[in-house]
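> Predicted model and sequence follow; I will ask about them next.
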Amino acid sequence: MNIALLEVRRISKAFRGLRAVDAVSFDVAEGAIVAMIGPNGAGKTTCFNLIAGVFAPDAGTVRLAGRDITGLRPDQVCHAGIGRTFQVVKPFPQMTVLDNVVVGALNATQKVATARRDAERVLTLLHMDAKARELAASLTLPERKRLEVARAMATRPRLLLLDEVMAGLRPTEIDEMVAVFQRLNRETGLTILLIEHVMRAVMALAGEVVVLHHGEKIAAGTPSEVVRDPAVLECYLGEEAV
Amino acid sequence: MSGLFALLLALPYVANSYVLSVATLILYFALTGQAWNVMMGFAGQLSLGHSLYVGVGAYTAAALFFHFGIGPWVGLWLAILLCVALGATIGLLAFRVGISGVYFALLTIAFAEFTRIGFDHFNWVGASGGLFIKVAQREHVDLLNLRGTPVMFYYVMLCLAAGAFGVCSWLFRSRAGYYWQAIRENEEAAQALGINTFRWKMLAVVISAAMTAVAGVFFAFYYNSLFPEQIFHISRSIEIILGPIIGGLGTLFGPILGAALLAVLADAITEGLTLLRLEIPGVKQVFYGLCLLVVVIFLPHGIWPTIARKLRL
């Protein structure tokens, strides 16, 4: 039986009375890949921000490997073992691609030399080593998305939160990215929770899917179960997905 | 690099007293510019009140010397301590409540301004009438009390500026350098990567304040007279930041290059006008303004990055 690495219990967050996330609960088992889907404005990114410490939830708890991390600051959440990417990419534009990743790698080691080696390894893994010396400002959007992943991975997280990293990628690039995550998951046991609209990636990666709508969890299950769920079809996937 | 340093070491043997005084001034601005660059260039925290640290550093060492005969190398430590405390107070006020950008800059101005007004009424250090250190015989070199010849002051300033360069190079390449740049570039992303942004911003402010305090102590013993109206004035803060901006924000050589360019060009203009028997008040300030304008428009990253790219450094 898998132990839950991440336990989210009835977390809620309201912005000026609007309930962005409403008593959402779910688990992410150690070593699992879980996808979170739902229409725009469903509260997915807010959910991520509550887990990553950007906002403290109004109610509910978040636990990582049994430890209560509710209300910790983002840097403390990162230290606790959660790496995240941003949907709206936030590179360090005037630093090189390598230095961007070194910043992440310094979360796991104090030594700059070690961090540089770790960062180089992560870049190779994501096929970005050719761009290592270029300024992050010069990257294309898909490359910036990959840089987000590289930085987050360099922090050596136990749980990786990916916020729409496939958006804007070509189908072949999506398959490539999917392969990278599958390999990481298989070889290092990295647990992944991802927000994704690209169903091709969701179906290929996720063992479990959580569906949000209007801030509430409306369905959960395996990908094949979820895509047949009438409630999900109505609010998100549309009839043609059947 | 080492060639430049050798040249600077040999300068007093080849230069006249005028050139030496300009060189000393350049090194002084290289020091304050590097100090300010740690905060703004590295960590992205804009201070428009660095005259605060120059002034407090200068007054602390000068007052200790004036009242108790305590030498500058001892006074230096108290000067640093006070400036660190002041910097930490500003940082604490600002970063704890999330004041940033322009509002942070305003806070630094406010601190410098009310300290200036406070010193205007601070009788123990002469209030607005100024504080004067006895000018010792210029031929006799007394390094312990920083009394001596222009050559001695030049070498002291050279050591301080070179020391600052060493500290900055080390910081820039260390974990702190990476973290500061990350905070400068995108604070939210920096935090998500495990950086306690509050702590590292505080460190930048405190180090910058300490380095500027050192410059202040030198200032006091070099000029021998201190007036609150002058030393704490906002134009002093602006003077400090021009070099790094023109030379190249966030670079190691930028503040040094900027200090040298500004001093040499400003003096050339003054000299040229004197030759033409023209006297235009405020021409230096206009010139500084023009320099800033040209750099901001044509070289937004400053002069050094452009040179570095050309030399493929």
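Yes, it's here.
> Mean pLDDT per element in chain B, and the minimum belongs to which helix or strand?
None of the helices or strands of chain B scores lower by mean pLDDT, DSSP states H and E than helix B:283-298, at a mean of 84.
> got the contact list for it?
Contact with helix B:283-298 is made by B:235, B:239, B:242, B:245-246, B:261-262, B:265-266, B:269-270, B:273, B:302-303, as judged by CB atoms under 8 Å, 6 or more residues apart in numbering or on different chains. Every C-beta, even on glycine, is put in place using the N, C-alpha and C of the backbone.
> for stretch A:73-83, same thing?
A:51-54, A:64-65, A:67, A:69, A:72, A:84, A:104, A:107, A:152-153, A:155-161, B:188, B:191-197.
> List the buried residues in it.
A:73-75, A:77-83 (16 or more other CB atoms under 10 Å in any protein chain shown).
> same check, this time on stretch A:229-242
Neighbour count says stretch A:229-242 has A:229, A:232-233, A:235-237 buried, by 16+ other CB under 10 Å.
> one step back: list just the nearest of the contacts of helix B:283-298 to chain A.
B:G302 (12.1 Å; CB to the nearest CB).
> before we move on, back to that, max pairwise distance over the contacts of helix B:283-298: which two?
Spatial extent of the contacts of helix B:283-298 (CB to CB) is set by the pair B:L273 and B:G302 at 27.1 Å.
> More neighbours: which of those two?
More crowded of B:L273 and B:G302, by other CB atoms under 10 Å in any protein chain shown: B:G302, with 25 against 13.
> what sits against the more buried one?
With CB under 8 Å, 6+ apart, B:G302 has these contacts: B:244-249, B:251, B:254, B:258, B:295.
> In JSON lines: those residues, plus secondary structure and distance to A:M166.
Converted to JSON lines, the contacts of B:G302 look like this (DSSP: H, G, I helix; E, B strand; the rest coil; distance: CB to CB, whole Å):
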{"residue": "B:P244", "secondary structure": "helix", "distance to A:M166": "42"}
{"residue": "B:I245", "secondary structure": "helix", "distance to A:M166": "41"}
{"residue": "B:I246", "secondary structure": "helix", "distance to A:M166": "44"}
{"residue": "B:G247", "secondary structure": "helix", "distance to A:M166": "43"}
{"residue": "B:G248", "secondary structure": "coil", "distance to A:M166": "38"}
{"residue": "B:L249", "secondary structure": "coil", "distance to A:M166": "36"}
{"residue": "B:T251", "secondary structure": "coil", "distance to A:M166": "37"}
{"residue": "B:G254", "secondary structure": "helix", "distance to A:M166": "40"}
{"residue": "B:G258", "secondary structure": "helix", "distance to A:M166": "45"}
{"residue": "B:V295", "secondary structure": "helix", "distance to A:M166": "42"}
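> For chain A, which segments count as helices?
A:44-52, A:74-80, A:97-105, A:112-125, A:141-154, A:171-188, A:199-205, A:223-226, A:230-232 (DSSP state H).
> Phi, psi for B:E279 please.
Note on B:E279: backbone dihedrals following degrees, to the nearest 10 are phi -130, psi 110.
> now the helices for the stretch 201-313 of chain B?
Assigned by DSSP state H, counting those that start in this stretch, the stretch 201-313 of chain B shows helices spanning B:228-231, B:234-247, B:254-275, B:283-298, B:303-310.
> Packed most tightly, which of those would that be?
helix B:234-247 (a mean of 22; mean count of other CB atoms under 10 Å in any protein chain shown).
> Other residues contacting that helix?
For helix B:234-247, using CB under 8 Å, 6+ apart, the contacting residues are B:29-30, B:32-34, B:36-37, B:40-41, B:47-52, B:54-55, B:109, B:112-113, B:212, B:230, B:253-259, B:261-262, B:285, B:288, B:291-292, B:295-296, B:302-304.
> same thing with stretch B:171-181?
Contacts of stretch B:171-181 (CB under 8 Å, 6+ apart): A:92, A:94-95, A:99, A:102-103, A:106, A:110, A:112, A:115, B:38, B:42-44, B:190, B:195, B:200, B:203-204, B:207, B:250, B:252.
> Burial check on residue 41, number of neighbours?
Using chain A here. The burial count for A:G41: 14, using other CB under 10 Å.
> You answered for a different chain; I wanted chain B.
30.
> which residues touch it?
B:244, B:249-251, B:254-255.
> any idea of the pLDDT on A:V232?
Reported pLDDT at A:V232 in the predicted model: 87.
> What ranges does the stretch 1-150 of chain B have for its helices?
B:2-14, B:17-37, B:51-68, B:72-96, B:102-120, B:150-173.
> A:V21: which of those is closest?
helix B:72-96 (27.7 Å).
> which parts of chain B sit against chain A?
By CB under 8 Å from any CB of the partner chain, the residues of chain B that approach chain A are B:173-175, B:178-179, B:181-182, B:185-186, B:188-197, B:250.
> In PyMOL, how would I select just the buried ones from the residues you listed?
If you want just the buried ones from these in PyMOL, going by 16+ other CB under 10 Å, the selection is:
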select buried, chain B and resi 175+178+179+181+182+185+186+189+190+191+192+193+194+195+196+197+250
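> Contacts only, for the closest residue to B:A15 other than its chain neighbours.
Distances taken as CB to CB, 6 or more residues apart in numbering or on different chains put B:A23 closest to B:A15, at 6.9 Å, once the chain neighbours are dropped. The contact partners of B:A23, by CB under 8 Å, 6+ apart, come to B:8, B:11, B:15, B:154.
> Check A:I174 too.
A:166, A:198, A:200-201.
> so how far is chain B from it?
24 Å (CB to the nearest CB, to the nearest Å).
> what's the neighbour count on residue 46?
Assuming you mean chain A. 23.
> Switch to chain B, please.
Here the number of neighbours of B:L46 (other CB under 10 Å) works out to 18.
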